[in-house]
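Trainee: I would like to see how this sequence folds:
(3 chains)
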Amino acid sequence: MDSFLTSRIVTDILSGLTNGVVYGLVALSLVLVWRSTRILNFAQGAMPMFATYLGMGLLSYHFGYWACVVISIAAGFAIGGVTERVLVRGLYGKPEINPIVVMVGFLIVLEAVAAAIWSTLPRGLPSPFSPIDWQIGGKPFAMSDFSVYEIVTALVVMTAVALLFRFTKLGLQLRAAALAPEVSRLLGVRVGRMLTLGWMLSTAVGTITTVLVASNFFTGLTPQVMDGIFAFGFIAAAVGGLDSPVGAIISGVVMGIILQFVGDFLNSNAIILVALAILIVSLMVRPNGIFTKSTARRV
Amino acid sequence: MTISSNRRHVFVTAVFLGLAVVASFLLTSNGHSALVLGLMTALFVIGVSVLRIPGLHTNHPVVARGALTVAALVATLIATYFLSATTNFNLATGAAMSIVLLGLSFLTGASGQISLGNSAFMGVGAFAMAIWANHHTTTPIVVSLLIAVIAGALVGLLLGLPATRLRGPYLAGMTLAFAVAFGAILASFNSWTGGDAGLQLPTAVTPPHWLTSLYQSGTSLLTTNTMWLADISIVATGVAFFFMGNLFASRTGRAMRLIRDNDVAAELVGVSLPRTRVIAFVISSAYAALGGALWTLINNSVSPSTYSFALSITILSLVVIGGIGTIPGALIGGLIYAYSSAVISWIVTQTGLKPQGNFASQMNGIIFGVLLIVVMLFAPMGISGAVLRAWRKRRSHLRG
Amino acid sequence: MISVDGLSVSYGAVQALRDVTFSAPTGQITAVLGSNGAGKTTLLRTISGLQSPTKGSIHLDDHELLGQKPENIARLGVGHVPEGRGVIGEFTVEENLRLGALMAQVNLREGLEEQYTQFPVLSERRRQAAAKLSGGERQMLAMARALIAKPSALLLDEPSLGLAPLVTSQLMHTIQHLCRTNHLTVVLVEQNASSALRIADRAVVLHLGKVVANDLAPVVAEDENLRQYYLGMVE
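Mentor: You can find the predicted model right below:
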């Protein structure tokens, strides 16, 4: 049993899983924003990054790690809300290219301002979980306290979001506002508030993800910390289908595992190439994502 | 046009032509340059004269566009003789960029497809040029540029075929992935692409004898070389814009605009959606490849780090700021690119801020990003759109 | 009661409603009739706040509805079943009803029970996706969803659209019954003038955005001119 657990295959699966839940969370945030406001948020990595800097900046004032995490998440909510009100409001109903360009501009500004205030040097975060891989029978096992922390947090967040949407009044309103805004208004749903809340939730989820990534001893917090992960998360969301939260999570996790194998058995170059190939193939077969239920377009 | 005004038109043209030729001979020292200058000014005069023919724009729009292109080209070419090496270098770089911008502007404005992959298509052209030159040193420039364009078109076809069925965000995603993966694609063909260091052109591009003879002996190689490079770029730009202008007005162009506005209606009218979309995609990637190939010529080398995803974002931003779907917009964008640091410093001084330390080094990004947001929110038609609107307002004011 | 006073609405250069004035009394059904393009849907959308008028005022009892957001007007007790019913296909029947009950201070379980008793077919299909319902069932769902919030006024836009004659007459019966038992103010927009006039107490006829008749329903029903020119009732 021991040699099985420390075998290459299991190692790859576990490492891939750890990466995959992060991609899944990013994909989930993108889907949340897309479903509620039909906008592709290119700043989906940068906004939470900024929130994390704001929260973690308090570390130098002797706040504890967990306090800073909570403050970061609160900052994430705030940034998401303000962004929707100020930037995004004016973009509903405009051609698709408009929000993409605005969010790209926002991404550039956020990364530049973060670099200006906090510099581009990576900052280590005092994560309370050890990144050292466990040992089984003297051989390294691809799990550490930290990776368990990542996976458990990710699962908790995904479950919480799912429960929110399926079983609460608020979730019902959020879904209604996204599916049928005019009808929802007639039923008393404050659609404007629901849109803002959608952005706040998505940025908060993104902030939790960024905290996880940045707390990794080997990564640290930099303005560019989420760039690569955003790309993979975006690919996962496109493969799974921008309308499907479940699809986002599944494709994120599966992609994480597949890419880990590719990186291990081929080389690091091949990772992005395989990701690109997966994307092209899946979009050729299902142009709207694998998990999207097809809906006929009204003429 | 009456017979007498016809005659007058021809007479005036002949006079100017004569003046131009005489002036060329008087101004230059040797026979070669006189010939060249004479020819250029003659072309310019003819071009302008043709444009003045009434009714040309409506009856023979292609000829009108051709005359305009020739006149503008010639004027610019003559100007390069007088400009400094730095200016010519910037002009060459900016002109190449405006070709790329025109391609993307066309794709987005005319057919409504969003592509984030143009940095990769530029890279395809750039590397195709370098690889070919390294293996076949005697190919004339025009031919190797054409090869780069074809390479870009082929890759565009490869990507464009699966892209036809994709809606906005999915197309953006696919092109984004391509741009991000381009570096890895290059690295996979290390032996061909020269790895991190990239490739050099085997021989520097030098101007032909009749051009160098225009200068006084002893003029630096840099001056003559950059003038020649600028000229190549500018001619390529002229050709590219002329072709695009015609395409935009043609039936294919109209079909593309129809698809952009309402693809269901377009299908009902009989427009083949996938085919038109692919054509637009291939054209935009061919244009990007041309721009990249020109950059390789201008810099005499190509390096993979130039063609990163960040470049795609720059390209998209310039298209937006210049004005989506407009020809002047692409030119404006090219200019801004060539002089971006000057533009940004100007904006910074306008705001009266004096950034210190870290802020100073990040100012580029901050200004750029804010500019993007502001333009998109308040002037989505870009600079050329804003100018057009102001122009129309003035005209309606004057009409009363 | 809903009272509309001098209401004018334009879409750009097109004037959809001109100086419309009428009252829909409480506890009665007021039919709004007229051919396509007469402005009937625009009228309902303006009352419920989805459309802003250029002139005029709208009152629900003493409340001024003008300038208020649709979600607030809904919370004041105006239920609007829009053209096409607006049933959310991706939700189940029960989720649609839960959505309707959200803003109202009603006990959800009681409210659901009441609607299920009123519309038994919904009870059978409560866990099904609303997209799977037939046209008539969707109409039931849309009305139940509006009623669960215990509105004081009900705006119905062409409820009989796409329904077979038998279903339509059952539907009209139901509307009449609901109006009487709940003492609702009902504004009923209909293309199908004859079925609407059978249950209505008052009738307003619109033509090209103007009111051409505003009277008791039987009076309107008897008028030869109205029947021929505006109501398309040729007999």
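
Trainee: which residues of the stretch 101-250 of chain B fall in strands?
Mentor: B:199-200 (DSSP state E, counting those that start in this stretch).

Trainee: again but with the stretch 1-150 of chain A, I slipped
Mentor: Remark: strands assigned in the stretch 1-150 of chain A by DSSP E, counting those that start in this stretch are A:133-136, A:139-144.

Trainee: and these: which comes nearest chain C?
Mentor: strand A:139-144 (38.9 Å; C-beta to the nearest C-beta). Just so you know, the C-beta spots here come from the backbone N, C-alpha and C atoms, and that holds for glycine as well.

Trainee: taking the centroid of chain B, which residue is nearest it?
Mentor: Centroid check for chain B by C-alpha atoms, centre = their mean gives B:Ile99 as the closest residue, at 2.1 Å.

Trainee: tell me where the model's unsure across the stretch 101-250 of chain B.
Mentor: B:210, B:213-218 (pLDDT under 70).

Trainee: ugh, wrong one, chain C
Mentor: C:231-235.

Trainee: ok, which residues in it are in contact with chain A?
Mentor: Applying C-beta under 8 Å from any C-beta of the partner chain, one finds that chain C approaches chain A through C:48-50, C:69-71, C:74-75, C:79-80, C:82, C:86, C:88, C:90-91, C:95, C:98-100, C:102-104, C:145, C:149.

Trainee: try 6 Å
Mentor: Along chain C, the residues adjacent to chain A under the rule C-beta under 6 Å from any C-beta of the partner chain are C:Pro70, C:Glu71, C:Ala74, C:Arg75, C:His80, C:Gly86, C:Ile88, C:Glu90, C:Leu99, C:Gly100, C:Met103.

Trainee: what's the farthest-apart pair in the residues you listed?
Mentor: C:Arg75 and C:Glu90 (24.3 Å; C-beta to C-beta).

Trainee: now do the SS call for C:Leu50.
Mentor: Following DSSP: H, G, I helix; E, B strand; the rest coil, C:Leu50 is assigned to coil.

Trainee: for it, which non-adjacent residue is closest in space?
Mentor: C:Pro70 (5.4 Å; C-beta to C-beta, 6 or more residues apart in numbering or on different chains).

Trainee: quick revisit: neighbour count and secondary structure for the residues of chain C next to chain A - can I get that in JSON lines?
Mentor: Formatted as JSON lines, the residues of chain C next to chain A follow (neighbours: other C-beta atoms under 10 Å in any protein chain shown; DSSP: H, G, I helix; E, B strand; the rest coil):
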{"residue": "C:Pro70", "neighbour count": "22", "secondary structure": "helix"}
{"residue": "C:Glu71", "neighbour count": "19", "secondary structure": "helix"}
{"residue": "C:Ala74", "neighbour count": "26", "secondary structure": "helix"}
{"residue": "C:Arg75", "neighbour count": "18", "secondary structure": "helix"}
{"residue": "C:His80", "neighbour count": "26", "secondary structure": "strand"}
{"residue": "C:Gly86", "neighbour count": "20", "secondary structure": "coil"}
{"residue": "C:Ile88", "neighbour count": "22", "secondary structure": "coil"}
{"residue": "C:Glu90", "neighbour count": "17", "secondary structure": "coil"}
{"residue": "C:Leu99", "neighbour count": "25", "secondary structure": "helix"}
{"residue": "C:Gly100", "neighbour count": "28", "secondary structure": "helix"}
{"residue": "C:Met103", "neighbour count": "18", "secondary structure": "coil"}
